[in-house]
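>>> Model the following, please.
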Amino acid sequence: MLEQMKTIITEYVDVDPEEITPDARFIEDLHFNSYDFMSFLGDLEDRLDVMIDEQEVMELHTVGDAITYLESLQSK
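Numbering: from 1, shown residues only. So this is what the prediction gives:
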């Protein structure tokens, strides 16, 4: 899932894929703005065929948080 996330993230922000680690924070480290982040989440929903809860989005601070959350949605 990390490699898939790297591919999608680099479509939204200009960052070296090597910088995208599970500990990388979306805003502080990867420089997402709020619009890009919401577009990114919508893209994840489409590509992974999941529904991301708007309240739970507030808990997704790192790439690892997103991977854990998305994997939990896919296992349902």
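
>>> longest helix of the chain?
Assignment by DSSP state H gives helix 34-48 as the longest helix of the chain.

>>> Now find how far off-centre that helix is within its chain.
Distance, stretch centre to chain centre, for helix 34-48: 8 Å (Cα atoms, centre = their mean, to the nearest Å).

>>> And it, what does it pack against?
helix 2-9, helix 63-74 (3 or more Cβ pairs under 8 Å, 6 or more residues apart in numbering; DSSP states H and E). Just so you know, the C-beta spots here come from the backbone N, C-alpha and C atoms, and that holds for glycine as well.

>>> Enumerate the positions of that helix that are buried.
Using 16 or more other Cβ atoms under 10 Å as the test for burial, helix 34-48 gives D36, F37, F40, L41, L44, L48.

>>> I'd like the residues you listed as CSV, with distance to K76 appended.
Output for the buried residues of helix 34-48, formatted as CSV (distance: Cβ to Cβ, whole Å):
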residue, distance to K76
D36, 27
F37, 23
F40, 21
L41, 18
L44, 15
L48, 12
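
>>> In this structure L60 contacts Y69, no?
Yes - taking Cβ atoms under 8 Å as the definition, L60 is a contact partner of Y69 at 6.1 Å.

>>> per-residue pLDDT, M58?
Listed pLDDT for M58 reads 89.

>>> swap that for K76, please
Reported pLDDT at K76 in the predicted model: 73.

>>> quick one: it and M1, what's the gap?
Look at K76 and M1: by Cβ to Cβ, to the nearest Å, they are 16 Å apart.

>>> In terms of packing, which of these two has more residues around it?
Higher neighbour count among K76 and M1: M1, with 14 against 6, using other Cβ atoms under 10 Å.

>>> Many thanks, we can stop here.
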